[in-house]
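1. I'll drop the sequence and a predicted model, then ask my questions.
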Amino acid sequence: MINNKYRTSKKLIVYSLIFLHILTGCATTSNQNYVGPRFSSSYEEKKVVEESTSTAPKLDVIIPVFDSGLSENEANYEEVGIWPELRRAEALRFAYKLKQALDNSQQFGAVRVTPDATASGDLYLLGKIDESDGQEMSFELNVVDISGEEWLSDTFSHEVQESFYRNNRNRGKDAYNPAFKEAADEIIDALKQYDASELDNLKYITNLRFGASFNDEAFTEYMNVDGNEIELISKPSDSDPLLQRVMAIRVREQLFVDNLQQNYVSFSQNMNSSYLAWQEASYTEIQMHQQARKQGIYKAIGGVLLIALAIAAGVSSDSNIALDTAAVAGSVAGAILISKGFKSIEEAELHQDAINELSESINFELEPQVISFQEQSVQLTGNIQQQFTQWRAFLKRIYEQEHTPNTPL
């Protein structure tokens with residue numbers, strides 16, 4: 001009786017599993033066999049889900065060109081293995097690489113590289129290069145929002161492994177990419193600590209801060225300013241004519257900075273092949289440099305030991321010709337090893353010179369340009385930072401020349 005019940009239960013379990021398998025198979029087959037354009041309702045459902053999970057405003061990010069980390073004492077550059085022109089190029093490249101990492105995350109609004117931190121934005125990423133030699137790199141990053149609140153202060157580093165260059169899939173890739181990806185991930189983690197209303201207030205402060213750069217009195221009344229920290233205490237009407245005026249000017253500034261992005265893109269692309277070649281060559285040269293120096297030291301130590309042993313043998317052999325001959329031979333062998341050791345160290349220095357010669361060709365320049373706004377034009381000259389400063393001064397002059405509306409805020 002018990003055996004019959006056991007068999008019956010076993011059959012039910014087997015049948016149930018078979019039935020579930022058939023249902024799963026039907027569902028899978030049905031999904032695989034679905035062909036042709038999908039119904040519009042399927043897209044609407046997906047859109048509703050996306051909108052429900054992304055209600056927070058996206059912050060605009062400003063990434064000023066990194067601090068190159070160069071000391072004022074140029075005499076130390078070669079001593080510490082820094083080529084200044086390369087490091088200055090890296091200061092721009094690092095900012096652009098961080099921009100790419102944030103763009104790929106799709107968690108922010110416009111991410112712009114700028115000459116300095118005076119550009120208008122919601123979140124600022126201030127970086128400084130500590131080290132970059134092809135094998136090891138590190139940079140400091142300080143993330144501050146427009147209200148002056150610090151989101152993040154950390155150092156990101158990466159050591160390139162030999163396996164990176166052995167993998168053919170890494171051809172054309174920047175060996176430093178993991179550091180920028182790590183930094184972007186931490187910034188996103190910090191972003192998740194803020195709710196939608198807090199982020200919305202930050203964007204309001206950004207508009208007010210921009211307006212205050214033209215007219216302090218008109219816009220600071222909406223903010224409580226305490227040193228570098230700003231608290232939003234009220235909001236002007238969106239239809240306020242003075243606010244609308246400065247917002248129109250801010251759009252022009254954003255367009256100007258957007259146009260600058262192409263210069264940064266072109267510069268990064270133009271230096272890309274040379275820079276990647278420098279990374280790999282520098283990594284190889286450093287490995288050879290370390291190996292040559294190690295061999296040189298070992299050879300020099302061995303030579304000194306041989307000479308010491310030869311001298312000891314000579315002292316202990318007052319009349320033994322065989323020992324005297326051995327002492328002389330030991331001294332000669334020791335001298336040869338020391339000579340080889342010094343040659344290895346000289347080779348290491350030549351490797352370092354090869355790195356410097358490869359780095360020297362990298363430079364950056366911006367062509368002069370003429371820009372018009374409200375029937376006036378300005379010619380911008382100099383490097384990219386000088387042109388940006390001239391443009392901001394031009395916008396301020398435009399603002400001051402306009403008739404101030406009688407309607408108070």
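-> Everything's here; your move.

2. the strands in this structure, which residues?
-> Using DSSP state E, the strands of the chain run over 61-64, 111-114, 123-132, 136-145, 150-159, 223-226, 229-232, 369-373, 376-380.

3. with mean neighbour count and distance to Asn168 added, can I get those strands in JSON lines?
-> Where you see a C-beta, it was placed from the backbone N, CA and C, and this is true even at glycine. Listed next are the strands of the chain as JSON lines, based on neighbours: other Cβ atoms under 10 Å; distance: least, Cβ to Cβ, whole Å:
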{"stretch": "strand 61-64", "mean neighbour count": "24", "distance to Asn168": "32"}
{"stretch": "strand 111-114", "mean neighbour count": "24", "distance to Asn168": "31"}
{"stretch": "strand 123-132", "mean neighbour count": "20", "distance to Asn168": "25"}
{"stretch": "strand 136-145", "mean neighbour count": "19", "distance to Asn168": "23"}
{"stretch": "strand 150-159", "mean neighbour count": "15", "distance to Asn168": "21"}
{"stretch": "strand 223-226", "mean neighbour count": "13", "distance to Asn168": "55"}
{"stretch": "strand 229-232", "mean neighbour count": "15", "distance to Asn168": "51"}
{"stretch": "strand 369-373", "mean neighbour count": "12", "distance to Asn168": "42"}
{"stretch": "strand 376-380", "mean neighbour count": "14", "distance to Asn168": "45"}
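
4. dump the ones you listed into TSV; add mean pLDDT and distance to Asp195 as well.
-> Formatted as TSV, the strands of the chain follow (pLDDT from 0 to 100; distance: least, Cβ to Cβ, whole Å):
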stretch	mean pLDDT	distance to Asp195
strand 61-64	96	19
strand 111-114	96	22
strand 123-132	96	16
strand 136-145	97	14
strand 150-159	96	14
strand 223-226	91	20
strand 229-232	93	15
strand 369-373	75	37
strand 376-380	81	41
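
5. so which of the ones you listed is nearest Ala101?
-> Minimum separation from Ala101 across the strands of the chain (Cβ to Cβ) falls at strand 111-114, 9.2 Å.

6. what lines up beside the closest one in the sheet?
-> Strand pairing for strand 111-114, using DSSP bridges, gives strand 61-64 (parallel).

7. list of residues touching the partner strand?
-> Residues from elsewhere that reach strand 61-64 (Cβ atoms under 8 Å, 6 or more residues apart in numbering): 95, 98-99, 102, 108-117, 119-127.

8. rerun that using 10 Å as the cut-off
-> Contacts to strand 61-64, defined as Cβ atoms under 10 Å, 6 or more residues apart in numbering, come from residues 91, 94-99, 102-103, 107-127, 141, 143, 146, 187, 206, 257, 264, 385.

9. tell me which of the strands of the chain lies nearest to Ala393.
-> Ala393 sits nearest to strand 376-380 of all the strands of the chain, at 8.7 Å, using Cβ to Cβ.

10. show me what the closest one is packed against.
-> Judged by 3 or more Cβ pairs under 10 Å, 6 or more residues apart in numbering; DSSP states H and E, the packing partners of strand 376-380 are strand 369-373, helix 384-401.

11. span of stretch 125-139 from start to end?
-> 12 Å (Cα to Cα, to the nearest Å).

12. then stretch 151-171?
-> 35 Å.

13. how about stretch 105-119?
-> OK, stretch 105-119 end separation, Cα to Cα: 22 Å.

14. got the buried residues for it?
-> Using 16 or more other Cβ atoms under 10 Å as the test for burial, stretch 105-119 gives Gln107, Phe108, Ala110, Val111, Arg112, Val113, Thr114, Pro115, Ala119.

15. now, which of those sits nearest Met288?
-> Val113 (34.9 Å).

16. list the contacts for the closest one?
-> With Cβ under 10 Å, 6+ apart, Val113 has these contacts: 61-66, 92-100, 119, 125, 257, 260-261, 263-265, 267-268, 384.

17. let's go with 8 Å and repeat that
-> Per Cβ under 8 Å, 6+ apart, neighbours of Val113: Ile63, Pro64, Val65, Leu92, Ala95, Tyr96, Lys99, Leu260, Gln261, Tyr264.

18. closest one to Asn224 out of the buried residues of stretch 105-119, please.
-> Using Cβ to Cβ, Ala119 comes nearest to Asn224 of the buried residues of stretch 105-119, at 23.7 Å.

19. tell me the bridge partners for the residue lying closest to that closest one once chain neighbours are set aside.
-> Using Cβ to Cβ, 6 or more residues apart in numbering and skipping residues adjacent in sequence, the residue nearest Ala119 is Ile62, 5.1 Å away. Counting by DSSP bridges, Ile62 is bridged to Arg112, Tyr124.

20. could I get the strands of the chain as CSV with distance to Glu217?
-> Putting those into CSV (distance: least, Cβ to Cβ, whole Å) gives the following:
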stretch, distance to Glu217
strand 61-64, 25
strand 111-114, 27
strand 123-132, 25
strand 136-145, 24
strand 150-159, 28
strand 223-226, 12
strand 229-232, 16
strand 369-373, 25
strand 376-380, 25
